[in-house]
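Novice: With the sequence up front, the predicted model follows.
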Amino acid sequence: MGIKFIKDKKVFKLDAKDTSYIIAVVDDEQFIGHVYFGKRIIDEDVNYLLRLEEPPYVPSKNNRDRVSFYDSFPMEYSTHGIGDFRESSLQLRDRDGNTACRLQYISHEIYKGKKKLKGLPATFGDENECTSLEIKCMDKDLNLEVDLVYTAFENLDAITRSVRIKNCAEDSIALTKVLSTCIDFEGINYDMISLHGSWARERHISRKNISYGKHTVSTVRGESSHQDNPFIALLDSSATDESGNVYGFNFVYSGNFFTQVEGCQFDTTRVVMGINPVDFTWVLEKNEEFVAPEVVMVYSDKGIGKMTRTFHDLYRNNLIRGRFKDKKRPILINNWEATYFDFNTEKLLSIAKEASSLGIEMLVMDDGWFGKRNSDNSSLGDWIVNEEKIQGGLKYLVDEVNKLGMEFGIWLEPEMISPDSELYREHPDWAIKIDGRTPALCREQYVLDLSRKEIVDYIYECIKKVLSSANITYVKWDMNRQITDLGSICIPAEKHGELSHRYVLAVYEMMDRLTTDFPHILLENCSGGGARFDPGMLYYSPQIWCSDDTDAIERLKIQEGTAMVYPISCIGAHVSDCPNHTVGRTTPFETRGHVALAGTFGYELDVTRIPKEDREMIPKQVEIYHKYNDLIRTGDYYRIENFSQNNCFDVWEVVSKDKSEVLVTCVQVLGRPNYHSRRIKLKGLIEDKMYKLEGTDELFSGGALMYGGLNISLYGDYSSKLLHLIQL
Ligand code: DGJ
């Protein structure tokens, strides 16, 4: 059993694979303290770590210094207003306007497996994979129940947390802050890694040394965002890719989030993560419950790389679902960069015909097929096929594509409404806006008020009709603007702060309906590129479009940062035309292919118009994809060289789980004169087994490859090469 309660000590011990997480109930007042999180230990009682015998002593022995106790004790779930002046996890407003809360242990339950989180995406696991613990605590003065919910995975170094709150009082209570995790770490000298960027340069890695004070990563954009990702790692300042303690935190949520690392006065460091309290309130009437989304916590005693591989395994096995969970995805060609809005049936069929002859397996029709959408100025909400462009109708087009032996996919942006649309003319109040104030446009569109069930039902029925009208086997679900002017005519003033979270819940509900009604459809999430690349979305879609920047060199940093947390099997990556539409750079077609292989792989170009030499390389790239995709999708990912740090060379590697096969990708961004070869050292192989380099007679031991290394020569800027080694 991965979780034990040691009754006489009142200790909860959660053991994941090589990780222990320990909680203790202390003092007559039943405080719940965080004792330990780190490498697995055999001890059941390490309560000395709580320093209960040191001043300021616990309240039952020294009530006069109660506030000092609250301000130094490592509370398992910190609450506002009683004396813990570090970041709180729970804050509220009761009938009288008071904001304080104090929790005491009441009871607990331990069970095998993991329960679903109502209405929310979350990791899952059966009775053999994980054990869960629910600690019930209470604020007795408020009659408020708070359940701290944990799951420990047996074969992975992952522990998840969420929180459930129930109002057992007669009066309503407004929750104004409900975070999902809080942990106090001993010491102050840590580094923090986070992922930041902008449109077209998402999830670049940032690492900085933190000390006293607060270091926040958050968003209020209504989506997890291009700018900030709901992930941080706290690590030893000396930690490397292979060594040192690393704690990764990832929030399974797609809306406003808040995470913070706080260096505190007694040289401890508090990490919190949860829904952003800005613009958040949730009113609980008597007996109503609120469920906070899940935080996944991964511990690694062997550096960043091990943390990465744990996230990858957990997400591939225990988060991503559906028909494509463990399957190779069809190679698709998307017409966005090929045509933008300028296409019709004939154009799409000419692309499909050429593409199918080259081995591409699916045509995806992107934005512009509906209403009168010939630019991004109109028609969102009018989910009716534009037969002036799609002559013969959608079914005809799909059937013709199918006849070429290809599948068909379609683009949708269900959460939006254009002011120039039939839908808006009929229902101007369906947009999120503040009564009496003109809302801000973004890409000439508003966001639908999905807190209203009738709107969700209407839009869902529209898209259901489209998806049922032809043999559609893929959907790209896009979301192209941030949410502003928060207001809904159906939410009363005191519940105004519920809108953002209700919106996210409604998106999840729509995706749940879509994946239930159309289980055969491969859903790819997208948000103006990668603005919703988060584990919440991964629960519904096994792949996410990583960035609108398809330039192979820009993608090195974007994909490196993304792959630090998210499996490469879910990273939407395509080969596009050059000069690249975003940065104007020209890179070899081969390099574009090698970089896109470290993702879902597809094309985003007009295959009828690219240079002949490029087109002729496609069948070879298709062959390479089929040859290596099982390895790339299921193997262990290792970082060898980081372009994000050295600015000239990038190398990554995927090793099969049984270590019998390895694929190494090397990209030389800038050539170096008068320099013969680079030495790269592989990782994760078996030292005393021999590996053969494909295409040569060369044999190397795993030890030679890892400790001696390989000499890599590449000529020219943006050049690349794949190395495939098989164990003899
Ligand atoms: C943003 C996406 O990232 C693009 O790939 C494309 O689908 C456009 N939206 C269409 O509007």
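Specialist: Structure received. Numbering: from 1, shown residues only.
Novice: Make sure residue 691 is indeed in a helix.
Specialist: No. Read with DSSP: H, G, I helix; E, B strand; the rest coil, residue 691 is strand and lies in no helix.
Novice: Any figure for the gap between it and residue 656?
Specialist: Distance, residue 691 to residue 656, using C-beta to C-beta, to the nearest Å: 12 Å. In short, each C-beta sits where N, CA and C put it, glycine included.
Novice: intersection of neighbour lists for those two?
Specialist: residue 662 (C-beta atoms under 8 Å, 6 or more residues apart in numbering).
Novice: Which helix or which strand is home to residue 395?
Specialist: helix 393-403 (DSSP states H and E).
Novice: And the contacts of that helix?
Specialist: For helix 393-403, contacts defined as C-beta under 8 Å, 6+ apart pick out 345, 348-349, 352, 363, 365, 369, 385, 387, 390, 407-408, 466, 469-472.
Novice: Stretch 711-720 now?
Specialist: So stretch 711-720 is contacted by 552-553, 585, 587-588, 590-591, 594-595, 651, 665-671, 676-680, 721, 723 (C-beta under 8 Å, 6+ apart).
Novice: if I pick residue 272, what's in contact with it?
Specialist: 78, 87, 89, 179, 181, 182, 258, 259, 260, 262.
Novice: my bad, residue 700
Specialist: 690, 691, 693, 710, 725.
Novice: Now list the buried members of those.
Specialist: Neighbour-count burial (16 or more other C-beta atoms under 10 Å) is assigned, among the contacts of residue 700, to 691, 693, 710, 725.
Novice: secondary structure class for residue 308?
Specialist: Assignment for residue 308 (three-state DSSP): helix.
Novice: Nearest residue to it in space, please, no chain neighbours.
Specialist: Counting by C-beta to C-beta, 6 or more residues apart in numbering, residue 308 lies nearest to residue 564, which is 5.5 Å off, once chain neighbours are set aside.
Novice: what sits against that neighbour?
Specialist: Residues in contact with residue 564, defined by C-beta under 8 Å, 6+ apart, are 193, 195, 205, 231, 304, 308.
Novice: Only the buried members of the residues you listed: can you turn that into a ChimeraX selection?
Specialist: Remark: buried members of the contacts of residue 564, expressed as a ChimeraX selection using 16+ other C-beta under 10 Å:
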select :193,195,205,231,304,308
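Novice: Just the contacts of residue 564: which are in helices?
Specialist: 304, 308 (DSSP state H).
Novice: Just send the contacts of residue 564 back as a markdown table, with distance to the ligand too.
Specialist: A markdown table is the format used below for the contacts of residue 564 (distance: C-beta to the nearest ligand atom, whole Å):
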| residue | distance to the ligand |
| --- | --- |
| 193 | 26 |
| 195 | 18 |
| 205 | 22 |
| 231 | 21 |
| 304 | 28 |
| 308 | 25 |
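Novice: Between the contacts of residue 700, which sits nearest the ligand?
Specialist: Distance to the ligand across the contacts of residue 700 (C-beta to the nearest ligand atom) is lowest for residue 725, with 35.2 Å.
Novice: Go ahead and build a ChimeraX selection from the buried members of the contacts of stretch 711-720.
Specialist: A single ChimeraX command suffices to select whichever of the contacts of stretch 711-720 are buried according to 16+ other C-beta under 10 Å:
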select :552,553,587,588,590,591,594,595,651,665,666,667,668,669,678,680,721,723
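Novice: before we move on, the earlier item: now render the buried ones among the contacts of residue 700 as JSON lines, adding distance to the ligand.
Specialist: Converted to JSON lines, those look like this (distance: C-beta to the nearest ligand atom, whole Å):
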{"residue": "691", "distance to the ligand": "39"}
{"residue": "693", "distance to the ligand": "37"}
{"residue": "710", "distance to the ligand": "37"}
{"residue": "725", "distance to the ligand": "35"}
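Novice: Among those residues, list the two that are farthest apart in space.
Specialist: Spanning the widest gap among those are 691 and 710, at 10.3 Å by C-beta to C-beta.
Novice: got a list of what the residue most central in space within the chain touches?
Specialist: Centroid-nearest residue in the chain, with C-alpha atoms, centre = their mean: residue 534, separated by 2.0 Å. Residues near residue 534 by C-beta under 8 Å, 6+ apart: 224, 229, 230, 250, 251, 252, 253, 254.
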